[in-house]
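Asker: Just a sequence and a predicted model for now, questions to come.
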Amino acid sequence: MECLQVIRDSVETSVSIKLFPSLKMSSYYHIFKSKLCRFPLSQCRDMDNFNPDRLSTDPYPTTDRPRGQKDIESIAYHRRLIHKQGHTEPIWVVLKKGRYTLLDGAHRIVSTYLENKRTIPAYIIDMDGDE
């Protein structure tokens, strides 16, 4: 997975769901206001912009695959990474008004869950620190 593409996707998502008014401001926060940490998977069930039904033994049944076979292929890719290195690439999350919102990484969350891990690497953008 290309690092710059992941950041670009996260920036675009944050603007499309109106967490930031512009790509420029979102990029600034992604670059200067994010912190890498271990994020508890247990908190993903209450996360905005993530379907907690995906945290199951059949996260993408044939009747619910928004991206078709690509959902299954992405899960398999990230599970292989976890087997190889113990973790997958970090997800991107915003903390605003005490709520976490997923910007990028649903398949990584599911893969980590399926591998029985308790935490996932995450870049957290803390907007609460600005208030």
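Answerer: Yep, it's here. Numbering: from 1, shown residues only.
Asker: Tell me how far the residue nearest to Asn49 when sequence neighbours are not counted lies from Arg80.
Answerer: Leaving aside its chain neighbours, Asn49 sits nearest to Leu102 (4.5 Å; criterion: Cβ to Cβ, 6 or more residues apart in numbering). For the C-beta atoms, the positions are set from N, CA and C on the backbone; glycine is no exception. Leu102 sits 22 Å away from Arg80 when distances are taken as Cβ to Cβ, to the nearest Å.
Asker: So between the two, which is more surrounded?
Answerer: A side-by-side neighbour count of Leu102 and Arg80, using other Cβ atoms under 10 Å, places Leu102 first with 22 against 12.
Asker: Strands of this structure, start to end?
Answerer: Under the criterion DSSP state E, the chain carries strands at the ranges 34-40, 91-96, 99-104, 119-126.
Asker: Make CSV from those strands and add mean pLDDT and distance to Ile7 to it.
Answerer: Output for these, formatted as CSV (pLDDT from 0 to 100; distance: least, Cβ to Cβ, whole Å):
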stretch, mean pLDDT, distance to Ile7
strand 34-40, 97, 9
strand 91-96, 96, 8
strand 99-104, 96, 8
strand 119-126, 97, 9
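Asker: Can you check the pLDDT for Val6?
Answerer: The predicted local confidence for Val6 comes out at a pLDDT of 87.
Asker: Now for the residue nearest to it when sequence neighbours are not counted: which residues touch it?
Answerer: Once its chain neighbours are removed from consideration, Val6 has its nearest residue in Asp104; the separation is 5.9 Å (Cβ to Cβ, 6+ apart). If you count contacts by Cβ atoms under 8 Å, 6 or more residues apart in numbering, Asp104 has them with Val6, Asp9, Ser10, Thr13, Ile91, Trp92.
Asker: could you redo the residues you listed as TSV and give each row distance to Leu36?
Answerer: Written out in TSV, the entries for those read as follows (distance: Cβ to Cβ, whole Å):
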residue	distance to Leu36
Val6	13
Asp9	17
Ser10	13
Thr13	19
Ile91	11
Trp92	11
